[in-house]
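Undergrad: Fold the following for me, if possible:
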Amino acid sequence: MRLYDFENKLNPDFSIHLMVEAVVGKGKHRLELSVGQVFTSHSRFETPDFEKKRKINSILLWGWGIGMFLMVDGNVG
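TA: You can find the predicted model right below:
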């Protein structure tokens with residue numbers, strides 16, 4: 001992430017991450033599901049126009065996995 005653009009002027013890039021995760025199941029092994037959205041914005045130099053422009057992206061993320069949780073005194077810890 002940069003705070004200054006290529007002209008050395010204050011023009012920060014930023015990224016915002018939003019994520020939701022759910023854990024399904026009981027016991028030692030559980031299914032983990034997640035979905036999220038990432039918003040990014042950065043400035044860059046456009047060669048055809050010879051001027052700076054701000055590029056904004058939106059990215060969808062999803063994931064799954066199997067989690068192994070430790071048992072402590074008969075309870076999942």
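
Undergrad: Pull the contacting residues for the residue nearest to the spatial centre of the chain.
TA: With distances taken as C-alpha atoms, centre = their mean, H17 lies nearest the centre of the chain, 4.2 Å away. By C-beta atoms under 8 Å, 6 or more residues apart in numbering, the residues touching H17 are 36-38. Every residue, glycine included, has its C-beta placed from N, CA and C.

Undergrad: export those residues to CSV and tack on pLDDT?
TA: As requested, those are exported to CSV (pLDDT from 0 to 100):
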residue, pLDDT
G36, 96
Q37, 96
V38, 94
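
Undergrad: tell me which of these is nearest to R30?
TA: If you rank these by distance to R30 using C-beta to C-beta, G36 comes first, at 19.1 Å.

Undergrad: helix or strand for the residue nearest to the centre of the chain, which one?
TA: Here H17, judged by DSSP states H and E, is contained in strand 14-24.

Undergrad: Report the buried residues of that strand.
TA: Counting neighbours by 16 or more other C-beta atoms under 10 Å, one finds that strand 14-24 has no buried residues.

Undergrad: After it, which helix or strand is next?
TA: Heading C-terminal from strand 14-24 (DSSP H and E), you reach strand 29-46.

Undergrad: Just after that following strand, pick out the following helix or strand.
TA: Immediately after strand 29-46, counting by DSSP H and E, sits strand 51-68.

Undergrad: Determine the angle, from 0 to 180 degrees, between that following strand and strand 14-24.
TA: 20 degrees (axes from the mean of the first three to the mean of the last three C-alpha atoms, to 10 degrees).
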